[in-house]
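>>> sequence unknown, structure follows:
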């Protein structure tokens with residue numbers, strides 16, 4: 001490996017692994033990257049993947065987050081274009097993720113890829129599938145603030161919701177069971193809400209506070225170690241006093 005390739009691999013550790021998984025499909029959708037929104041606008045939809053992927057904004061346009069874009073680019077189901085209509089490669093999206101994030105990071109990408117590969121339906125926590133009213137773990141005031149905004153203001157508000165933290169621990173993804181009849185306009189409650197642990201495990205008080213935010217939807221935690229994704233939950237139990 002030459003010095004340039006080694007530097008690319010150091011900055012973007014997914015480069016080699018993802019290249020080996022690159023697949024090709026007959027039905028390929030197209031998206032145009034919107035740098036201001038930090039999302040890709042779907043301009044040509046092919047196949048049924050969009051029934052449970054992407055979010056519809058005030059303008060009626062369908063947008064994808066960077067983790068959704070990378071996942072489907074790796075599988076040959078999506079071509080990402082720049083504003084001039086030129087195709088962007090995976091290396092570009094990995095670099096954008098590493099350098100700018102757009103609300104995602106390498107751990108989040110690993111978790112999204114893992115769950116999506118298993119067939120789960122997944123979205124960023126608190127981000128409505130559409131601008132229509134729906135029941136979610138975001139508060140009523142959050143939803144009322146989002147309604148009626150343009151796409152840029154919606155993106156800013158959604159990021160504010162996602163960044164709500166309890167001592168550094170936040171809610172990352174809403175996860176739904178595989179469902180061929182899934183509808184974005186009536187998704188129902190998530191199967192569970194996922195919080196990615198980035199440092200030490202949360203305390204019992206922090207777990208309780210996060211559970212309160214979830215309003216009855218099960219809360220699970222996730223730890224990522226060298227690409228291995230582990231998902232677990234905490235339960236309270238009372239130990240009997242030994243004689």
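Perfect, I can see it now. All figures in this text were calculated on a predicted structure; none of them were measured in a lab.

>>> Okay, helices next: where are they in this structure?
Listed in chain order, the helices of the chain (DSSP state H) span 3-11, 15-21, 66-74, 90-99, 106-117, 140-146, 151-162, 204-214.

>>> from what I can see residue 194 touches residue 111, true?
Yes. With contacts counted by CB atoms under 8 Å, residue 194 reaches residue 111, the gap being 7.0 Å. In short, each C-beta sits where N, CA and C put it, glycine included.

>>> what residues are shared contacts of the two?
Counting by CB atoms under 8 Å, 6 or more residues apart in numbering, the contacts common to residue 194 and residue 111 are 172, 173, 222.

>>> What about the residues you listed, which are in strands?
173, 222 (DSSP state E).

>>> Let me have the shared contacts of residue 194 and residue 111 in TSV, extended by pLDDT and neighbour count.
Shown next, in TSV, are the shared contacts of residue 194 and residue 111 (pLDDT from 0 to 100; neighbours: other CB atoms under 10 Å):
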residue	pLDDT	neighbour count
172	93	25
173	95	23
222	93	20
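
>>> which among the shared contacts of residue 194 and residue 111 gets closest to residue 55?
Of all these, residue 173 has the smallest distance to residue 55: 13.5 Å, by CB to CB.

>>> related to what we said a few turns ago, with distance to residue 185 added, can I get the shared contacts of residue 194 and residue 111 in JSON lines?
Formatted as JSON lines, the shared contacts of residue 194 and residue 111 follow (distance: CB to CB, whole Å):
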{"residue": "172", "distance to residue 185": "24"}
{"residue": "173", "distance to residue 185": "20"}
{"residue": "222", "distance to residue 185": "28"}
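
>>> which sections of the chain are below the confidence cut-off?
For the chain, the stretches flagged by pLDDT under 70 are 1-26, 132-167.

>>> What are the structural domain limits within this structure?
Per automatic domain parsing, the structural domains of the chain span 1-104, 105-243.

>>> from the chain's centre, how far out does the first one sit?
Here the centre of mass of C-alpha atoms in domain 1-104, compared against the chain's by CA atoms, centre = their mean, to the nearest Å, lies 13 Å away.

>>> now do the longest one
Its chain's average C-alpha position is 9 Å from that of domain 105-243, according to CA atoms, centre = their mean.

>>> what's next to stretch 196-208, contact-wise?
107-108, 111, 166-169, 172, 195, 210, 219, 221-224, 234, 236.

>>> Buried ones among those?
Applying 16 or more other CB atoms under 10 Å to those, the neighbour count classes 107, 108, 111, 166, 169, 172, 195, 210, 219, 221, 222, 224 as buried.

>>> Need the residues that contact stretch 214-222.
Residues from elsewhere that reach stretch 214-222 (CB under 8 Å, 6+ apart): 111, 137, 171-172, 189-197, 201-202, 207, 210-211, 229-234.

>>> What about residue 178, how many residues nearby?
Each residue near residue 178 was counted by other CB atoms under 10 Å, and the total is 11.
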